[in-house]
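Asker: coords please:
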Amino acid sequence: MEVGTTVKSQPRADYISSIIQAGTAACRLYGPSKTNVVDIARLLGKSPASVYKTFPSKAAIWDAVAGKFFETDLTFTPPADGELTSAASRLKETALGQHRLMLQARQGDGQMFHLVVLAAEGSWPSFRDHLKRLKANVGELVCAGIATDEFVPRNVDAAASCFCASIISLWDPRIIRALPSSDCELSAHELASFAVAGLCQVPAAADVEGHITAGC
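Answerer: Next comes the predicted model:
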């Protein structure tokens, strides 16, 4: 499905939001493949023509719905305070927290998860923007780690790109979809720990269970 997100006009932001909310509700009711613009318009109490005045196609609506879901439900932000005081620990928790959000969506919000799989498969703008946000978040943590001498000084953009590429199996909905329902959390911890250790000033020490200790 070819996706275009350019709207035909600049309607009120609240009407755009209403369409996205109705599209989300329709997706959860009928699934992305069985929902049409008539269904969305009916939930809105509007005509399909009024919806098309805002979005040029069903594909554009789905991209906007997926984009909102990526932003609100599938973007993990580590707490700024609390136990995660080091950049390394926050980076690891970001990797694992993002993975948990994907698993939760797969298990508890199947139709919306199906939609984000379609977004990934089609490289929709919403999915590309999602990856850019994740990379930017990682870049901020890498920069913080360099500033505190936790991480080796390097090109932050390149380091963020490499980190994201190394753990993409934890974040990509296409890969998450293929995981067995009894996905092993241990392997996710090991992968995230290994990726974080690659940024550190010194080789990470392992604890008694073989995990990388917090703080790099």
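Asker: which phi and psi does Pro153 have?
Answerer: In terms of degrees, to the nearest 10, the main-chain angles of Pro153 are phi -60, psi 130.
Asker: Look up how far Trp171 lies from the closest residue to it other than its chain neighbours.
Answerer: Computed as C-beta to C-beta, 6 or more residues apart in numbering, the closest residue to Pro153 that is not its neighbour in sequence is Ile146, at 5.3 Å. C-beta here means a position set from N, CA and C on the backbone, and glycine is covered the same way. Applying C-beta to C-beta, to the nearest Å, the value for Ile146 to Trp171 is 23 Å.
Asker: still on that earlier bit, may I have the residues that are in contact with the residue nearest to Pro153?
Answerer: 152-154, 156 (C-beta atoms under 8 Å, 6 or more residues apart in numbering).
Asker: quick check, nearest of these to Ala59?
Answerer: Using C-beta to C-beta, Val156 comes nearest to Ala59 of the contacts of Ile146, at 34.9 Å.
Asker: just to revisit the earlier point, under a three-state scheme, what state does the residue nearest to Pro153 occupy?
Answerer: Per DSSP: H, G, I helix; E, B strand; the rest coil, the secondary structure class of Ile146 is helix.
Asker: roughly how far apart are it and Leu103?
Answerer: Taken as C-beta to C-beta, the span from Ile146 to Leu103 is 31 Å.
Asker: do the same with Lys53
Answerer: When C-beta to C-beta is applied, the distance between Lys53 and Leu103 equals 38 Å.
Asker: For whichever strand or helix holds Phe163, which outside residues touch it?
Answerer: Following DSSP states H and E, the helix or strand that holds Phe163 is helix 156-166. The set of residues that contact helix 156-166 without belonging to it, under C-beta under 8 Å, 6+ apart, is 91, 131, 134-136, 138-139, 142-143, 146, 151, 171, 191, 194-196, 198-199.
Asker: and the helix or strand that comes right after that helix, what does it pack onto?
Answerer: Next in sequence after helix 156-166, counting helices and strands by DSSP H and E, comes helix 168-171. Counting contacts by 3 or more C-beta pairs under 8 Å, 6 or more residues apart in numbering; DSSP states H and E, helix 168-171 packs against helix 87-108, helix 185-197.
Asker: Can you report how many residues lie near Arg128?
Answerer: Other residues lying near Arg128 total 12 when counted by other C-beta atoms under 10 Å.
Asker: Report pLDDT for it.
Answerer: Among the per-residue scores, Arg128 shows a pLDDT of 98.
Asker: That one is in what secondary structure piece?
Answerer: Judged by DSSP H and E, Arg128 forms part of helix 125-147.
Asker: Now do that helix against helix 185-197, angle only.
Answerer: Taking axes from the mean of the first three to the mean of the last three C-alpha atoms, to 10 degrees, one finds helix 125-147 and helix 185-197 inclined to each other by 60 degrees.
Asker: Report the angle between helix 125-147 and helix 87-108.
Answerer: Using the same axes, to 10 degrees, one finds that helix 125-147 and helix 87-108 are set 160 degrees apart in direction.
Asker: what angle sits between helix 125-147 and helix 156-166?
Answerer: Computed by the same axes, to 10 degrees, the angle between helix 125-147 and helix 156-166 is 120 degrees.
Asker: gap between helix 125-147 and the chain center?
Answerer: Its chain's C-alpha centre and that of helix 125-147 lie 11 Å apart, by C-alpha atoms, centre = their mean, to the nearest Å.
Asker: Could you give me the buried positions within it?
Answerer: Using 16 or more other C-beta atoms under 10 Å as the test for burial, helix 125-147 gives 125-127, 129-131, 134-135, 137-142, 144-146.
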